[in-house]
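Enquirer: This is a predicted model, with the sequence first.
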Amino acid sequence: MAAEGHLITRASRGRTLDLEERQKRYAITMGIRTVCFLLFLVVPGYWKVLALAGAALLPIIAVVLANASDRRLPPEPERPDDSTRRALPPTEVIHGSVDDE
């Protein structure tokens, strides 16, 4: 029974890249939260409630987004058209030379 090989195109993204993306999403969300706090100080009326609600709810959203991993499948590799591929018959020989440059 032969072991099934893995295509490099099916490999998931590296852990470092995944961690960097999560940190970036978290930082952006927390930056928006900071803006909500600042808006709370300057906006009038009911806008204060909206800014405060945003500042209160964004940490939950930030944690969920930071913990979400990338579950997208990588794109399928392009396969050459079968009509252009053919195997050489066992009697056919291709003559040539090797240049060591």
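Expert: Happy to help now that I have it.

Enquirer: Next, the buried residues of whichever strand or helix holds G31.
Expert: G31 belongs to helix 15-42 when elements are defined using DSSP states H and E. Buried residues in helix 15-42, counted by 16 or more other CB atoms under 10 Å: 21-22, 25-26, 29, 33, 36, 39-40. Any C-beta I mention is one placed from the backbone N, CA and C, and that applies to glycine too.

Enquirer: I'd like the mean pLDDT over the helix or strand that it is followed by, please.
Expert: Going down the chain from helix 15-42, the next helix or strand is helix 47-67, by DSSP H and E. The average of the pLDDT scores along helix 47-67 is 87.

Enquirer: Determine the angle, from 0 to 180 degrees, between helix 47-67 and helix 15-42.
Expert: Helix 47-67 and helix 15-42 meet at an angle of 170 degrees, taking axes from the mean of the first three to the mean of the last three CA atoms, to 10 degrees as the criterion.

Enquirer: now for helix 47-67, which elements pack on it?
Expert: Helices and strands touching helix 47-67, by 3 or more CB pairs under 8 Å, 6 or more residues apart in numbering; DSSP states H and E, are helix 15-42.

Enquirer: Can you name every helix or strand that the helix it packs on contacts?
Expert: If contacts are counted by 3+ CB pairs under 8 Å, 6+ apart, helix 15-42 sits against helix 47-67.

Enquirer: Would you mind listing the buried residues in the helix it packs on?
Expert: By neighbour count with 16+ other CB under 10 Å, helix 47-67 contains the buried residues 51, 54-55, 58, 62, 66.

Enquirer: Any chance of those residues in JSON lines with distance to T91 as columns?
Expert: Converted to JSON lines, these look like this (distance: CB to CB, whole Å):
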{"residue": "A51", "distance to T91": "80"}
{"residue": "G54", "distance to T91": "76"}
{"residue": "A55", "distance to T91": "78"}
{"residue": "L58", "distance to T91": "72"}
{"residue": "A62", "distance to T91": "67"}
{"residue": "A66", "distance to T91": "63"}
